[in-house]
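Participant: Show me the folded form of this:
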Amino acid sequence: MAGPVLVFDSGVGGLSVVAALRRHLPDTALAYCCDNAMLPYGTRPDPWLVERIVAVCEAAVNRTGADTLVVACNTASTLALEALRERLDVPVVGTVPAIKPAAQASRSGHLALLATSATVARPYTQRLIDSYAPHCQVEKVAADALVAEAERAIQGHAIDPAVVRQALSALVEDARIDTVVLGCTHFPLLRRWLDEAMPRAVTWVDSGDAIARRTAQVAVGPDARQGLDAAWVTSLLRDSSGATDASERLTRGLASFGFAAPCLLDVPSA
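Facilitator: The predicted structure follows:
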């Protein structure tokens with residue numbers, strides 16, 4: 001029997017891709033795995049990250065019996081897709097900043113890439129810009145603080161509007177920018193707050209739909225969804241009192257995307 005589609009991210013950002021998968025594959029069973037023990041990935045050395053990503057994804061594929069892996073993380077995709085495809089026997093779908101559709105959507109030819117500092121700085125990102133938006137002016141904006149805000153949002157905490165405004169300040173100042181690439185899967189989870197912080201209308205472009213379409217093409221034949229899907233974490237969170245294991249807030253956030261309370265994933269040490 002075929003297994004579910006497994007969605008992997010360092011944190012809850014992959015839930016934005018889950019939303020797109022739900023639209024394109026509404027009857028498909030999903031599993032979600034976040035490496036929350038090592039969040040954020042952007043501050044860690046590349047060789048260590050590749051080894052870690054492969055270890056977590058391999059453990060999650062084995063534990064869930066997944067027949068397709070969706071790497072819903074730009075950092076993990078730019079670093080570890082090749083290694084994952086060499087190690088795993090299932091199709092692997094990656095995530096890249098949606099530069100191409102953004103360039104096609106822009107009327108002014110002035111784009112912004114809103115991403116983590118790691119994604120902004122990677123040569124891979126510049127190659128995407130050179131290949132798909134050579135005729136555009138692309139402002140690369142690092143907005144690492146938004147990752148933490150998205151994590152907070154999913155757990156039901158209040159978002160700090162000042163943090164969002166600061167992250168978008170460079171975009172606000174350049175009125176020529178009419179299209180913004182959300183180059184981190186965490187960021188679409190903040191669309192409401194991003195809209196509120198922008199004083200003018202812009203087109204927000206993310207990779208969710210493209211990832212979902214590609215997943216529908218390569219998935220072997222996943223099980224039909226029955227009830228809540230499974231979720232896995234690499235660290236059981238504790239609340240402020242330290243009295244509980246799995247965070248009630250994270251559990252509720254995952255439940256809002258159709259997942260059961262998360263289980264702890266055992267990741268073999270190197």
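Participant: Any figure for the gap between Met165 and Ala153?
Facilitator: Slight slip there: residue 165 is Arg, not Met. According to CB to CB, to the nearest Å, Arg165 stands 16 Å off from Ala153. C-beta: built from backbone N, CA, C; applies to glycine.
Participant: quick one, which of those two is more surrounded?
Facilitator: Set Arg165 next to Ala153 and count neighbours by other CB atoms under 10 Å: Ala153 wins out with 19 against 15.
Participant: For the more buried one, report the pLDDT, please.
Facilitator: Listed pLDDT for Ala153 reads 92.
Participant: Mind listing what's buried along the strand or helix carrying Glu151?
Facilitator: Assigned by DSSP states H and E, Glu151 belongs to helix 145-154. By neighbour count on 16 or more other CB atoms under 10 Å, the buried set for helix 145-154 is 146-154.
Participant: Show me the helices in this structure, by range?
Facilitator: 15-24, 46-64, 74-87, 99-105, 117-121, 123-132, 145-154, 161-167, 169-173, 191-197, 208-218, 248-255 (DSSP state H).
Participant: quick one: the closest residue to Arg249 other than its chain neighbours and Ala60, what's the gap?
Facilitator: Nearest non-adjacent residue to Arg249, counting by CB to CB, 6 or more residues apart in numbering: Gln155, 3.8 Å away. Here the criterion is CB to CB. By it, Gln155 lies 21 Å from Ala60.
Participant: Please say which of these two ends up with more neighbours.
Facilitator: Neighbours around Gln155 and Ala60, counted as other CB under 10 Å, are more numerous at Ala60. The numbers are 24 against 17.
Participant: Quick check: the closest residue to the more buried one other than its chain neighbours vs Ala20, distance?
Facilitator: Excluding the flanking residues, the one nearest Ala60 by CB to CB, 6+ apart is Cys33, at 4.1 Å. Counting by CB to CB, the gap from Cys33 to Ala20 is 17 Å.
Participant: Which one's more surrounded, the two?
Facilitator: The residue with more neighbours, out of Cys33 and Ala20 and counting by other CB under 10 Å, is Cys33; that gives 29 against 21.
Participant: hang on, the earlier thing: who touches the residue nearest to Ala60 in this structure?
Facilitator: Taking CB atoms under 8 Å, 6 or more residues apart in numbering, we find Cys33 in contact with 6-9, 56-57, 60, 64, 231-234, 265.
Participant: Please list all residues in contact with the residue nearest to Val93 when sequence neighbours are not counted.
Facilitator: Nearest non-adjacent residue to Val93, counting by CB to CB, 6+ apart: Val70, 4.7 Å away. Going by CB under 8 Å, 6+ apart, Val70 touches 5-8, 14, 17, 21, 93, 95, 211, 215.
Participant: And these, which is closest to Arg192?
Facilitator: Val17 (17.9 Å; CB to CB).
Participant: Contacts only, for the closest one.
Facilitator: 7, 9, 70, 72, 95, 185, 207-208, 211-212.
Participant: From the residues you listed, which land in strands?
Facilitator: 7, 9, 70 (DSSP state E).
Participant: Can you read off the pLDDT for the last one?
Facilitator: This points to Val70. Reported pLDDT for Val70: 98.
Participant: likewise the one 10 residues further on?
Facilitator: The predicted structure scores Ala80 at 94 on the pLDDT scale.
Participant: burial count for it?
Facilitator: 23.
Participant: how close does it sit to Val267?
Facilitator: In terms of CB to CB, Ala80 sits 15 Å off from Val267.
Participant: Over to Leu30?
Facilitator: In terms of CB to CB, Leu30 sits 20 Å off from Val267.
Participant: When those two are compared, which one has more neighbours?
Facilitator: Leu30 (25 against 20).
Participant: before we move on, the earlier item: and the residue nearest to Ala60, what are its bridge partners?
Facilitator: For Cys33, the beta-bridge partners under DSSP bridges are Phe8, Trp232.
Participant: Could you find the residue nearest the spatial middle of this protein?
Facilitator: Thr185 (3.0 Å; CA atoms, centre = their mean).
Participant: How many residues are close by the residue nearest to it when sequence neighbours are not counted?
Facilitator: Excluding its sequence neighbours, the residue lying closest to Thr185 (CB to CB, 6+ apart) is Gly13, at 3.6 Å. Gly13 has 27 neighbours, counted by other CB under 10 Å.
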